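Chemist: Just a sequence and a predicted model for now, questions to come.
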Amino acid sequence: LCLLFDCVAVAAVVSLAFSTTILVSENYVLRSFAMAPPLISAIEQNLLDMRPSPRIEVETILETALSEERIATFLGKIGPSELRAIGLAPGYTPAGKLTILAMAVESRVLLIQFRAKSKKDSDAVVASRKLLQDQLLSNEDNALFAFDMAMVAAVLYYEARLRVERAFDIQDTCTCKDNRVPLNAVTFALNSTTSFRPYSSNV
């Protein structure tokens, strides 16, 4: 992990992709973001003891609002021989259905809300998911990281027919004891590349 990415990218992936489940209330899902502009906010990270600690910019959009321009802004620029580290975390409804995908690059997060099942085959949804796969999930310039990546990849394909490539399971890249425990993997990744420490109770 530390050989592939600089400490900023590693810290961002660890601090933002650790949450494998984001529970979303039924009312929130029903309200959706239909007919609303993208929502942009900023949050303070509280997982790593790092100073200065960058504010995390969070943008929430409906999947059909994705565009090449918006994706390019989110991704930022990389050097010609670099891979971009992207953290992934799916969010589910209380019934266990995929509703949101969180993607993190450095201190930027994109929350992509999926349309309801009844609209998943519309032309707009099909086009937006192709863009999501081609530009983000299967882009040769991107390396994807998540806790329990096998489950993330499976749910993305099963529920949204989205394929991921160059995907890494964070726990499997950490050679520490009991690496399936998120805190152990986080601590190992940080110790390998930075002087930062996790706030254990928060993780």
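Modeler: Done, it's in.

Chemist: from here on, contacts and neighbour counts on C-alpha atoms
Modeler: OK.

Chemist: For the protein, give me the ranges with low pLDDT.
Modeler: Where the chain drops to pLDDT under 70, the residues are 1-38, 118-120.

Chemist: Show me where it has its strands.
Modeler: Using DSSP state E, the strands assigned to the chain run over residues 22-23, 39-44, 48-49, 55-62, 84-92, 98-105, 108-113, 142-146, 167-169, 197-198.

Chemist: who does the third one pair up with?
Modeler: Same thing as strand 48-49. strand 197-198 (antiparallel) (DSSP bridges).

Chemist: can you give me how far the strand it pairs with is from the chain middle?
Modeler: How far strand 197-198 lies from its chain's middle: 20 Å, per C-alpha atoms, centre = their mean, to the nearest Å.

Chemist: which residues sit against it?
Modeler: 47-50, 186-187, 190-191 (C-alpha atoms under 8 Å, 6 or more residues apart in numbering).

Chemist: Drop the exposed ones from these and show what's left.
Modeler: Among these, those classed as buried by 16 or more other C-alpha atoms under 10 Å are 47-48, 186-187, 190.

Chemist: Tell me which entries of the residues you listed lie within helices.
Modeler: The members of those that map onto helices under DSSP state H are 186-187, 190.

Chemist: and of the buried ones among the contacts of strand 197-198, the nearest to Glu82?
Modeler: Proximity of the buried ones among the contacts of strand 197-198 to Glu82, judged by C-alpha to C-alpha, is greatest for Leu190, which lies at 20.6 Å.

Chemist: Please tell me how far the closest one sits from Pro52.
Modeler: 16 Å (C-alpha to C-alpha, to the nearest Å).

Chemist: what do you get for Asp178?
Modeler: 31 Å.

Chemist: out of those two, which sits in the more crowded spot?
Modeler: Asp178 (12 against 6; other C-alpha atoms under 10 Å).

Chemist: hmm, back to that, can I get the buried ones among the contacts of strand 197-198 in TSV including distance to Leu75?
Modeler: Shown next, in TSV, are the buried ones among the contacts of strand 197-198 (distance: C-alpha to C-alpha, whole Å):
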residue	distance to Leu75
Leu47	22
Leu48	22
Val186	23
Thr187	26
Leu190	23
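
Chemist: Show me what counts as buried in stretch 164-176.
Modeler: Within stretch 164-176, the residues that count as buried by 16+ other C-alpha under 10 Å are 164, 167-171, 174.

Chemist: And the residues you listed, which two are furthest apart?
Modeler: Within the buried residues of stretch 164-176, Val164 and Cys174 form the most distant pair, 20.8 Å apart (C-alpha to C-alpha).

Chemist: got the contact list for Gly46?
Modeler: Rather than Gly, residue 46 is Asn. When contacts are counted by C-alpha under 8 Å, 6+ apart, Asn46 touches 199, 202.

Chemist: mind checking the backbone torsions on it?
Modeler: phi -130, psi 30 (degrees, to the nearest 10).

Chemist: Please report how far it lies from Leu62.
Modeler: 27 Å.
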